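> I'd like to go over a predicted model; first the sequence, then the structure.
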Amino acid sequence: MRGRLRGTAPSCRERHPSEGSRSTWETFRVSANSSQSPAGRRHEATYDSPFMKACRREAVPHTPVWFMRQAGRSLPEYLKVREGTAMLESCMRPDLVTEITLQPVRRHNVDAAIYFSDIVVPLKAIGIDLDIKPGVGPVVENPIRTRADLARLRDLTPEDVHYVTEAMGMLTAELGSTPLIGFAGAPFTLASYLVEGGPSRNHEHTKALMYGDPQLWADLLDRLAEITGAFLKVQIEAGASAVQLFDSWVGALSPADYRRSVMPASAKVFDAIASYGVPRIHFGVGTGELLGLMGEAGADVVGADWRVPVDEAARRVGPGKAIQGNLDPAVLFSTREAVETKTDEVLAAAKGLEGHIFNLGHGVLPTTDPDALTRLVEYVHERTTV
Ligand code: CP3
């Protein structure tokens, strides 16, 4: 067994006070030195892939490419298999999850798959009454705003998300040496949906709670960190080669507020999975001023949106971390020449970086031409092949 997936994952007994989940967690412990475990087998199979090498800041045969939100929305084959099945329901069907996750890998020749799910899936799994409304996003029936509401956020056990383990088993059997990226929403972004009750431009209820009752806010984020850490463990133990923590909306905060009110919870999530040694990616939108702190929270790879060039992002993040990004997803609506010019700009800025993973600066927009994505993967591979 090579690399950093070492030792035995910490017993969740120490971290999981919930008696009910103890025995289950014990059976989910990774014996990382054993290629019998899904995590160990996947570590072996994907270790030398360009994506994993770039995460470790090693030399690569070409710059690896994947796209946030590559699975879904923009693909006709996705719309076809999803027909008649609600979003959250499809996340719970291993056959559908497997098919949808594989679709962009087949079509675009990307260097990694991202598990098809949504950031609110673990919240649904512990019984929060929420739905994903088409064209809107997650909507929470009864928002969480009081101390009494906190009790609704119980611990997550592997059985709550058994379909994730099943789907990942099916997926990794198909993926061979292509890494599978697991993911979760970060505590701030999850809290924003829970407190607002749905998508929000200004996060006013969220900020009202954060500033008005700092202790309740800290307890809420700590709860979400526990749940998120547990959810990522399930994914790693089922065979995710890397994980991304999406703090999509945290760019709404100043660095001082981020450090005080968010960073401890995000750091707790990263700490919970540190001993597995799988690369941990951290990303948010409009987070130019937060990049250094987001790296400090415990990421191995920091994702940047298109507002900060990747060389400047690397300077802000500091040494020892790879950078992911950052073509503006709207550029894909322009001419082929313009896409190539803007891609060249990203690649030029990435030239001196220790580790670079090419991605968009945010998710694929729903009406993107899928062929533009296929061409982009080919172009980045061509331009960076050594
Ligand atoms: O390819 C992939 O990246 C994997 C799939 C994925 C989805 N959601 C599927 C999805 C991922 C990684 C997510 C993460 C997610 N979900 C984030 C973080 C990433 C980001 O974009 O910043 C956030 C903030 C959410 C919350 C959410 N879920 C939103 C804002 C929406 C969009 C609403 C819409 O319809 O445009 C969703 C729904 C959602 N999640 C869809 C998909 C494919 C669309 C649902 C549908 O097709 O009916």
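Looks like it came in fine. Numbers count the residues shown, from 1 in each chain.
> what pLDDT does Gly135 get?
On pLDDT, Gly135 comes in at 89.
> how about it, phi and psi?
phi 80, psi -10 (degrees, to the nearest 10).
> try Arg145
Note on Arg145: backbone dihedrals following degrees, to the nearest 10 are phi -140, psi -10.
> That one: what's it in contact with?
Contact analysis of Arg145 by CB atoms under 8 Å, 6 or more residues apart in numbering lists Val195, His205, Leu209. (Each C-beta comes from the backbone N, C-alpha and C, glycine too.)
> Dump the residues you listed to a markdown table, plus pLDDT, secondary structure and neighbour count.
Listed next are those as a markdown table, based on pLDDT from 0 to 100; DSSP: H, G, I helix; E, B strand; the rest coil; neighbours: other CB atoms under 10 Å:
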| residue | pLDDT | secondary structure | neighbour count |
| --- | --- | --- | --- |
| Val195 | 98 | helix | 23 |
| His205 | 98 | helix | 17 |
| Leu209 | 98 | helix | 19 |
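> I'd like the residues you listed as CSV, with distance to the ligand appended.
Formatted as CSV, these follow (distance: CB to the nearest ligand atom, whole Å):
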residue, distance to the ligand
Val195, 15
His205, 17
Leu209, 19
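> closest to Asp257 among those?
Nearest to Asp257, judged by CB to CB, of those is Leu209 at 12.6 Å.
> so who does the closest one touch?
Counting by CB under 8 Å, 6+ apart, the residues that Leu209 touches are Arg145, Val195, Leu216, Trp217, Leu220.
> Ala218 too?
The neighbourhood of Ala218, defined by CB under 8 Å, 6+ apart, consists of Ser261, Pro264, Ala265.
> Could you give the number of residues near Val136?
A count of neighbours around Val136, defined by other CB atoms under 10 Å, yields 10.
> Skipping its backbone neighbours, what lies nearest it in space?
Leaving aside its sequence neighbours, Val136 sits nearest to Pro199 (CB to CB, 6 or more residues apart in numbering; 6.5 Å).
> again, but for Arg383
In space, Arg383 comes closest to Leu347 once its chain neighbours are excluded; the distance is 5.8 Å by CB to CB, 6+ apart.
> for the residue nearest the centre of the chain, helix, strand, or coil?
Geometric centre of the chain, nearest residue: Gln244, 2.7 Å, by CA atoms, centre = their mean. Look at Gln244: counting by DSSP: H, G, I helix; E, B strand; the rest coil, its state is strand.
> Phi and psi next, for Glu83.
The phi/psi pair for Glu83 (degrees, to the nearest 10) is phi -50, psi 120.
> repeat for the one 4 residues further on
For Met87, the backbone dihedrals are phi -50, psi -50 (criterion: degrees, to the nearest 10).
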